[in-house]
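**Student:** predicted coordinates and the sequence they were generated for:
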Amino acid sequence: MNYLCLVYLAQDKLHACPDSTCFAFAEELRGSGHFVAGQALQPIDTATTIRVRNGQMSLTDGPFAETKEQLAGFYMIEAKDLNEAIHWASRIPPARYGSIEVRPVRELDISDIAATQATA
């Protein structure tokens, strides 16, 4: 099963963990066979939030919500269960400066597409 590990850091902690340390951890994950994907993100002042309401799109500079910690990056990992995902997430270097949210990836239920195609 895949798990998304979201890395959250306060603005003043964004560079507390050297990139080389995060890169080395990603290499360790790759070597273990648990790495699926991962990237660091630019600071929140580069973000754009998009909303569509009643067919109208609106754009807002910045993140979706005001928070003390911001989404700084992610690791997508493959793990046999939540406990194994938590084990790897606890080793993500920025966890020492912020927090890591571990969330299982949900597969889309596309059974209605298959049923529609079968009747077409």
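**Tutor:** Looks like it arrived, so ask away. Numbering: from 1, shown residues only.

**Student:** pLDDT value on the closest residue to residue 58 other than its chain neighbours, please?
**Tutor:** Using CB to CB, 6 or more residues apart in numbering and skipping residues adjacent in sequence, the residue nearest residue 58 is residue 51, 5.1 Å away. No exception for glycine: its C-beta is placed from N, CA and C like everyone else's. pLDDT for residue 51: 89.

**Student:** ok, which stretches of the chain are helices?
**Tutor:** Assigned by DSSP state H, the chain shows helices spanning 19-32, 82-89, 111-119.

**Student:** in CSV, list these along with mean pLDDT and mean neighbour count.
**Tutor:** Below are the helices of the chain laid out as CSV (pLDDT from 0 to 100; neighbours: other CB atoms under 10 Å):
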stretch, mean pLDDT, mean neighbour count
helix 19-32, 96, 13
helix 82-89, 97, 16
helix 111-119, 76, 8
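
**Student:** so where's this protein shaky on pLDDT?
**Tutor:** Applying pLDDT under 70 to the chain flags residues 63-66, 114, 120.

**Student:** residue ranges of the strands in it, please?
**Tutor:** 2-10, 35-40, 48-53, 56-61, 69-78, 99-104 (DSSP state E).
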